Structures are given as structure tokens and as C-alpha cells.
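Chemist: after the sequence you'll find the predicted model.
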Amino acid sequence: MHLLSPRRWRAAAAGAVALALVLTGCSSEESFSYTPPEQVDQALPEDTTAQLQGAVENAMAKSGATGAIVGVWVPWSGTWVTGLGTQSVEDQTEVTAEMSFRVADVTRLMTCDVLYALADEGVVELDDPVTEHASGVAQLEGITLLDLCNGTSGIGSSEAAIKSAWLNTPERVWAPLELASFGLGQTPVEPHTTYRDSDAGYLLLGLALERAAGMNAAELIAKYISAPLDLAGTSLPGASPAEPGDNPLSGNYLKTIEGGYDCTAPVDITTLSASTGFTDSGAISTIGDLGRFVQASARQALRDGAEPDQFASPLPTSSGAPSWYQAAGGAFLVGPLIGQHGWTPGYATAAYSDPETGFTVAVVLNNSTAGGGLAAYLAWELAAIASKAPAADGQTAPEFGLPFTAEQYHETISGLTICATPPAAE
């Protein structure tokens, strides 16, 4: 007779409970109801929204994006949720806030939330060796699931090696381990104590969680993220090439020409295999869902006070990073804000929230050429603008400050030179 370890016993017990719930017509999700922080039900003041719109339009112009969707939620002042611009240079359909899109690296935060959910249930332990749950990674002996989530596995990123393949063959279906192999092939850095941006790590984490839970990654995202938070527009699509939803924001990139990129002829890459990102950057969502997700995740609302704190031990993102810019738990910690940003073919996305107040910003640009950094800078500029919004009648603005100014990131974005200068007329 084989005796179960304490963790395996807990996993078996959790499975038995889940089966009992199914047989009785109930589900574990029905016992959870997310209640967001109280939000003033009115639009942000016109002066604030004018500044926000100006910031987004500036980023669109500098990145070659024709469209953007943005959501700003200031609990003590109001909201601003809108679409700006058009689908493309040729397609002048107006962008709306209801359109869906690829959330890029925000998927990492979802994947880590699933890890913590499974750990809270006893299905895995955070310090489980990766090799216990994933095959073909013998070189990761001593690396844990938590290392993959925190970016402390030491392994590299696959992006640089396969970016051109993503853009040139968007319909190609990738195996997660094949994608991760490019990052695994790089010289590792010191694990456990040094942060390294590694898409390969989140791909491997997804594979490990699939095996541990006996569910595929799409099912895990649905069970632990979309269902409990009522995110009807959020999912991890299958590998078959497809648009990101039934009403998608178009996704584009720019081809290089002499002097920069050709912003007059963006290349449509809306249809793509989500296997290019899998549990690193493959999820899709809407702006309303994205704001609700990052707000709940930053507050660890899905965990109901469980320990350990997902964001308690952040590390510097690099040796030269400012002290207020750190990483932990699949997220970046930017002053009081917690969230993620990044790019995937066609889209640059960022979403950040303050766990204390519920203050939240989320934005997507429909061109990925400038990379995820631009989306981050724009989100931080929007946050700095919105943080100054006056309190609505009967409300009191909390003590809420950011370690940067809107002007700082507006200047950074304005200094970008993505688009090539048109030749002078003869």
C-alpha cells in the first residue's frame, strides 16, 4: 500500500471535495464573490480626461498605433473607459471599449495566481522542484515553481530568438517546451536571488501546473481566474490560429524601412496562434475585464488572506533600476502599484492597480513594434495624471502618491522615433 505525502493527501482531498460539489450540482466558484472597492459612479472630470486622452493619443502617434483602448478607475473621483482611433490605416472602423485583445505579459500574473491557488489548495507546494512536475528540463535541478513565478530561475528569454518567426508565421503552432528551449539554451544567471525577465520560465510554469493539476492551462485560467471574477471576456485560447475574440481590436506591427519603421502601412496580425505566448503572454481579455482582474490580483482578493503574501519579497528588476521598480509574484511593483506590462505580436498592453485604494489603470495599443515598455510608460503617465483627480462630492481623496510624474513619462514617450521620416518632396 502506498502512503500519500501530506501534500498529495491534501490534493486528493481537494479532488474529492470538487467531485462532491459536482455531484450535488454546486461548484467551488459559487462560494466566492469578488467585491471591488467602492467606486464613485461618474465620469472623471473633463480636465482630467482631456489630459488622459492627450497622453494616449501621443503614445499612439509615437508608436504607429492607429487604435487604443484605455480604462482608468479612480475610486474617489470617477472613471474613464473608452476606445480611441481606428482599427487600421485602411480600416477606419472606430475602436470601442468593448473590443477584445491579447493581454501579453499580464498573462504571467494570471499564471502565478493559478500557482498560488493550487498551493493554497495543497495541489502543489511553492517550493516544489520544477523537475517534479515537468519533463525535459533536467538542467533545472534545484529550481522551484516559485522561482519560475518570481523570475528567479536564472534561465533566459526566448523572445529575441523567435520574434521574427512569430511575425512571419503567425499561424504556426508552437509547443511550449520548444518555445522555452531557446531561453533554456542561454547561459543562466545566479538563481533564487536575482530577477531575470524570462518568458521561458512562465511557459515552463504553465506546463508544470498542467501536469500537477491534471488540467490544461486554459481550464486552469478559467477555473481560478475567469470564473471566480466573472470575467466573461477573458480566456487562454487554444493553439489554432484565431482572432482574440468575436469583436477584436485589430493587432498590427510595422515593417522596417530606411530610417525606422513604415508607419503608413502596418501589417495586420490579428489572427495568431495563442501558442506563441501560452501561459507567458497568450491570454485575451477586454479592458473592463483586465481592470477588474488586475485590481483583484493586486489585492490578492482570490486568496482570502492566505499566506504567504504573493508580493512580499520583491527584487530589483535590474542593477540600475530605481528602488521603486521591483518584481515579485509574476508582477512588477511600481511604487504602490502592482501589475504587469508587455507585448505580443500585434499588441502592447499594461495594467496596474493600487491594492490599498483600488486605483487602477489599464491600456492596450494595437501595434506591438515599440514593445511593452511603451505600454508601461503610458500606463504610468496615465496613473500620474489620474492620481491628481479631485475627489467627487462627498468623497475624500486618500494619501496617494507616485514616485514619478506624468511629465517624466510623457517626455520619454515623446522622445521615441519609431516612424521613419518621409523623404522630402522633389
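Modeler: That came through, no problem. Numbers count the residues shown, from 1 in each chain.

Chemist: show me how far stretch 369-378 is from its chain's centre.
Modeler: 13 Å (Cα atoms, centre = their mean, to the nearest Å).

Chemist: wait, what's in contact with the residue nearest to residue 252 when sequence neighbours are not counted?
Modeler: Excluding the flanking residues, the one nearest residue 252 by Cβ to Cβ, 6 or more residues apart in numbering is residue 266, at 3.8 Å. From N, CA and C alone the C-beta is placed, and that goes for glycine too. Neighbouring residues of residue 266 by Cβ atoms under 8 Å, 6 or more residues apart in numbering: 64, 66, 88-89, 252-254, 367.

Chemist: between these, which has the most around it?
Modeler: Neighbour count (other Cβ atoms under 10 Å) singles out residue 367 as the most crowded of the contacts of residue 266, with 29 neighbours.

Chemist: so what's that residue bridging to?
Modeler: Beta-bridge partners of residue 367, counted by DSSP bridges, are residue 252.

Chemist: how far away is it from residue 394?
Modeler: To residue 394, residue 367 is 41 Å away according to Cβ to Cβ, to the nearest Å.

Chemist: may I see the contacts of residue 266 organised as TSV, with distance to residue 309 and pLDDT added?
Modeler: Below are these laid out as TSV (distance: Cβ to Cβ, whole Å; pLDDT from 0 to 100):
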residue	distance to residue 309	pLDDT
64	40	95
66	41	97
88	43	95
89	46	92
252	39	98
253	38	97
254	41	97
367	36	98
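
Chemist: assumed residue 38 was part of a helix.
Modeler: No - Residue 38 is assigned coil when assessed by DSSP: H, G, I helix; E, B strand; the rest coil, not a helix.

Chemist: check contacts around the closest residue to it other than its chain neighbours.
Modeler: Residue nearest to residue 38 in three dimensions, not counting chain neighbours: residue 75, with 6.2 Å by Cβ to Cβ, 6+ apart. Shown in contact with residue 75 (Cβ under 8 Å, 6+ apart): 37-40, 357-359.

Chemist: over to residue 229?
Modeler: 34, 289, 292-293, 296, 302.

Chemist: low-confidence stretches in this structure?
Modeler: Applying pLDDT under 70 to the chain flags residues 1-31, 421-426.

Chemist: spatially central residue for it, please.
Modeler: The centre of the chain sits closest to residue 106, judged by Cα atoms, centre = their mean, with a distance of 0.6 Å.

Chemist: shouldn't that one be in contact with residue 290?
Modeler: Yes - under the criterion of Cβ atoms under 8 Å, residue 106 makes contact with residue 290 at 6.8 Å.

Chemist: which residues do those two both contact?
Modeler: Residues touching both residue 106 and residue 290 (Cβ under 8 Å, 6+ apart) are 349, 351.

Chemist: surely residue 115 is in contact with residue 145?
Modeler: Yes - Residue 115 lies in contact with residue 145 (Cβ under 8 Å); the separation is 6.0 Å.

Chemist: give me the common contacts of the two.
Modeler: Shared contacts of residue 115 and residue 145, counting by Cβ under 8 Å, 6+ apart, come down to 124, 126, 205, 209.

Chemist: what ranges do the strands span in the stretch 101-250 of the chain?
Modeler: Applying DSSP state E, counting those that start in this stretch to the stretch 101-250 of the chain gives no strands.

Chemist: contacting residues for residue 149?
Modeler: Applying Cβ under 8 Å, 6+ apart, the residues near residue 149 are 111-112, 115, 126, 201-202, 205, 329-330.

Chemist: what does residue 262 give?
Modeler: 254-256, 419-420.

Chemist: mind checking which of these are buried?
Modeler: Neighbour counting with 16 or more other Cβ atoms under 10 Å marks 254, 419-420 as buried within the contacts of residue 262.

Chemist: can you add distance to residue 283 and secondary structure and give those back as JSON lines?
Modeler: As requested, these are exported to JSON lines (distance: Cβ to Cβ, whole Å; DSSP: H, G, I helix; E, B strand; the rest coil):
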{"residue": "254", "distance to residue 283": "24", "secondary structure": "coil"}
{"residue": "419", "distance to residue 283": "29", "secondary structure": "strand"}
{"residue": "420", "distance to residue 283": "33", "secondary structure": "coil"}
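
Chemist: what's the closest of those to residue 93?
Modeler: Within those, the smallest distance to residue 93 is 19.9 Å, found for residue 254 (Cβ to Cβ).

Chemist: distance of that closest one from residue 57?
Modeler: 18 Å.

Chemist: got it, and residue 327?
Modeler: From residue 327 to residue 57 the distance is 30 Å (Cβ to Cβ).

Chemist: over to residue 260?
Modeler: Per Cβ to Cβ, residue 260 is found 20 Å from residue 57.

Chemist: what's the nearest residue to residue 244 if we skip its chain neighbours?
Modeler: Distance criterion Cβ to Cβ, 6+ apart; nearest residue to residue 244, sequence neighbours excluded, is residue 284 at 4.0 Å.

Chemist: surely that neighbour and residue 234 touch.
Modeler: Yes - with contact defined as Cβ under 8 Å, residue 284 reaches residue 234; the gap is 7.0 Å.
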